[in-house]
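Engineer: Let me see the structure of the following:
(chains A and B, ligands or ions: 1)
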Amino acid sequence: MNILIVGVGGQGTLLAAKVLGEYATLRGDEVKLSEVHGMSQRGGSVVTHVRYGKQIHTPVIWEGGADVVLAFEPLEALRYAHFLAEGGRVLTNQTPLPPMSVATGLAEYPDVDAQLDAVKVPATDLALAAGSIKCVNMVMLGALTRLLDLDYDTMRQAVQNSVKKALDMNMEAVRLGYEALK
Amino acid sequence: MKRLMLTNQAIAQGAWQAGVRVVSSYPGTPSTEITECTAKFKEIHSEWAPNEKVALEVGIGASMAGARAMVCMKHVGLNVAADPLFTAAYTGVGGGLVIVVADDPGMHSSQNEQDSRFYARSAHVPMIEPSDSAEAVAFVDWAYRLSEQYDTPVLLRTTTRIAHAQSMVELGERVEVPLKEYQKDAPKYTMLPAHAKGRHLVVEDRENRLKADCLSFPQNRVEMRDAKLGVVCAGAVYQHVREALPNASVFKVGMVYPLPIAAIAEFAQKVDELLVVEELEPFIENQLKANGIACHGKDLFGLQGEITVAHILNKVLGKALPTAAKVPGRPPLLCAGCPHRGVYYVLRKLHCVVNGDIGCYTLGALPPLSAVDSVVCMGASIGMAHGFKYARPDAKNVAVIGDSTFVHSGVTGLINAVYNHSGITLVILDNRTTGMTGHQDHPATGKTCMGDPAPQLDLEALCLACGVAKVDVVDPYDMAACEAVLRDALADSRERVVIARRACIMKERVLDAKPLSVSDCRGCGKCLGLGCPAIVKSEGKAVIDRTQCVGCKLCKDVCPFGCIGE
Ligand SMILES: Cc1ncc(C[n+]2csc(CCOP(=O)(O)OP(=O)(O)O)c2C)c(N)n1
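Structural biologist: Numbers count the residues shown, from 1 in each chain, chains lettered A, B, ... in the order given. Coordinates of the predicted model:
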């Protein structure tokens, strides 16, 4: 399974990858992750790679190789859509975060719906309902659990093993994301 | 016990297991976490040196005294440390000495794409390259054995896709390695010409032995599968090749310098076609070709950026390479409330030429601030500003540098500017941390890498000691004060330093500050010119995102109509 997690620096893609890595480990799969630190943390476009299965060589997902693009922001879903494998799916938070060029009126936010067939989740609203905008990542993990028919209890266990702060709120966020895709 | 581990953490684990006692480094993506992780082991003295040259000298000293030592840096850091490297190759080691160097193909967070493998070749130092976290632990152990057996520093190279990848690691125990006995040995450790001539012979002999011995190192390994295609590769690329071409035969290079040429020649004999897949320069390819081994390589893959599985599928199997949609870019930004922002706004207003430097504040080069004219390497701002000013004495140019970068290699530039008198103005953006690489301490923060209190380097006193005419300290949130001080400094014919001091917003939240909001916006767009991620234009008007705003009030100060308030 190749899951490309994309978003904006600060949205918690690294933690989401860690939870998925833990999930796959609990299921007995081999796991590899690839991430980029540094520059990209400061509000820039970020991408984290999660691969698991019986035998994994490269930790890096390639253009045309992702089973799922898990996007925390719609424009980022579109930016990385060419990573999708044939039959791959996009699961995205539906709330846009305009990049600086759009925020200052120099560029236009693209019509993502017209260009991309994606399953959408109101993850920002659900995160706020759970208690903080910071748990968009957990809402998206909940939704992913439903989309891929992953084991819900194992996912909850993986969150418990990986998340250090505000566990109750994060669990609630996972639940809201899971329910949202019913 | 097994754990999913970042390779940088695995390198630290490997160092601990190998009995390393001293680690000295300067931060640099993607190498930084190694030293942050060794700092958690009480058996290892870990430190941030002010720059990579000092770090390597610390490593050389510890090794000479008999301890196993490690020094970590990013690729451009090895340029800074190149001087001691080339001569440490002559002195050899006491305790094992390993230098970890992290290349960054694709420039995820670097100013160039240089290939550090050439340093191994020109300094005549062996270089090894692991392919994942588990192999990194094993290779650190191997590196120390090589270092002590062959009496040489060893380079351990990673790239971003190795350093920042995670895979499973089996944790081992630490093996205490006793200090090697120290005996004065001037012909080995005191490199003056008479001694160095003798040592140069030792270097050549050692390399010849390594060239022969590496042919049978198990870390250089042949994996015979289908004989139609044989691929030579190392590091991250090995994993991409295995993924893309599961049936191809592979020569996995564990030691990239010296290369096991005769072993690769033998492999070439067994396959119909030989392909070298390597990122950056044709380092392996050219050596094979020079030895008469026909192969493909850069004719297919080129010099730019990273190689992915998709590139290999495209070049070898002709599979189409999917192309990306054209969408607005999203470069990283100065954070909401970043203390660097106000200074750039003022420098723009004063129409200064800004000789910039490397750090978070490099991001002031991007629109809408667009405040930076040049960036070359760490510390370059001051020398460049001095040169610029000499060529154009009436130029209104300033050097802008961060606190960590000033200590790294800026201070020598300042000494020069005073000594050779150009009358430049230097702005030190002192946010009390090494921000860009994730908030490491440095000599002016008053804390060590291991979290202990330390004497705090006094930047004002240091600049005055360099001989500058005046040092002013301003709060970068107070743009009026910044402007007044900068105008005064620019009008002065003597060297002046302005220290804009305020802690990085990611380290210390502003006390009592409340998020701001806009009322009755006239749509003039002035506040948008600050490039603050908390301010968005919506239907012609500025809107402040209260979840992002930290209340620094710069926008309140630039709004000509008083529309912004708490
Ligand atoms: C020779 C070299 N070593 C390390 C780096 C990595 N690096 C880039 S900027 C930086 C330090 C920035 O700290 P500072 O000057 O305090 O500015 P800040 O990011 O805090 O604004 C480092 C370590 C580099 N680019 N070149």
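Engineer: CA atoms for contacts and neighbours, from now on please.
Structural biologist: Noted.
Engineer: if I pick the residue in chain A positioned nearest to chain B, what's in contact with it?
Structural biologist: Nearest residue of chain A to chain B, counting by CA to the nearest CA: A:Gly44, 3.7 Å away. Contacts of A:Gly44 were listed using CA atoms under 8 Å, 6 or more residues apart in numbering or on different chains, and they are A:8-9, B:330-333.
Engineer: hey, C-alpha coordinates of the helix or strand bottoming out on mean pLDDT in chain A in PDB?
Structural biologist: Using mean pLDDT, DSSP states H and E, helix A:100-103 stands out as the lowest-scoring helix or strand of chain A, at a mean of 91. Once side chains and other backbone atoms are set aside, the C-alpha atoms of helix A:100-103 remain, and they are given as PDB (Å, rounded to 0.1, in the frame of the first residue of the first chain):
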ATOM      1  CA  MET A 100       0.700  33.500  -0.500                       C
ATOM      2  CA  SER A 101       0.300  34.300  -4.200                       C
ATOM      3  CA  VAL A 102      -3.400  33.700  -4.000                       C
ATOM      4  CA  ALA A 103      -3.800  35.500  -0.600                       C
END
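Engineer: packing partners for that helix?
Structural biologist: In this structure, helix A:100-103 makes packing contacts with strand B:535-538, judged by 3 or more CA pairs under 8 Å, 6 or more residues apart in numbering or on different chains; DSSP states H and E.
Engineer: Identify the residues contacting the following helix or strand past the strand it packs on?
Structural biologist: For strand B:535-538, the following helix or strand on the C-terminal side (DSSP states H and E) is strand B:541-544. Counting by CA under 8 Å, 6+ apart, strand B:541-544 makes contact with B:516-518, B:521-523, B:525, B:527-528, B:534-537, all of which sit outside it.
Engineer: Now distance to B:Ile564 too, for those residues, in CSV please.
Structural biologist: Rendered in CSV, the data for those read as follows (distance: CA to CA, whole Å):
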residue, distance to B:Ile564
B:Leu516, 7
B:Ser517, 6
B:Val518, 5
B:Cys521, 8
B:Arg522, 11
B:Gly523, 12
B:Gly525, 12
B:Cys527, 10
B:Leu528, 12
B:Ala534, 13
B:Ile535, 11
B:Val536, 13
B:Lys537, 14
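Engineer: Could you save these as CSV and add columns showing neighbour count?
Structural biologist: As requested, those are exported to CSV (neighbours: other CA atoms under 10 Å in any protein chain shown):
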residue, neighbour count
B:Leu516, 20
B:Ser517, 19
B:Val518, 18
B:Cys521, 16
B:Arg522, 13
B:Gly523, 14
B:Gly525, 17
B:Cys527, 23
B:Leu528, 26
B:Ala534, 21
B:Ile535, 26
B:Val536, 25
B:Lys537, 19
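Engineer: count of neighbours near the residue in the stretch 301-450 of chain B that chain A sits nearest to?
Structural biologist: Of all residues in the stretch 301-450 of chain B, the one sitting closest to chain A is B:Pro332 (3.7 Å; CA to the nearest CA). Around B:Pro332 sit 22 other residues, with neighbours defined as other CA atoms under 10 Å in any protein chain shown.
Engineer: nearest spatial neighbour of B:Pro515, skipping sequence neighbours?
Structural biologist: Nearest in space to B:Pro515, with sequence neighbours left out and distances taken as CA to CA, 6 or more residues apart in numbering or on different chains, is B:Gly551 at 4.7 Å.
Engineer: Over to B:Ala513?
Structural biologist: Nearest in space to B:Ala513, with sequence neighbours left out and distances taken as CA to CA, 6+ apart, is B:Gly551 at 5.0 Å.
Engineer: Where does pLDDT dip in chain B?
Structural biologist: Filtered on pLDDT under 70, chain B yields the residue ranges B:510-512.
Engineer: so what are the domain limits for it?
Structural biologist: The record's domain parsing of chain B by automatic domain parsing lists B:2-213, B:221-317, B:340-501, B:517-565.
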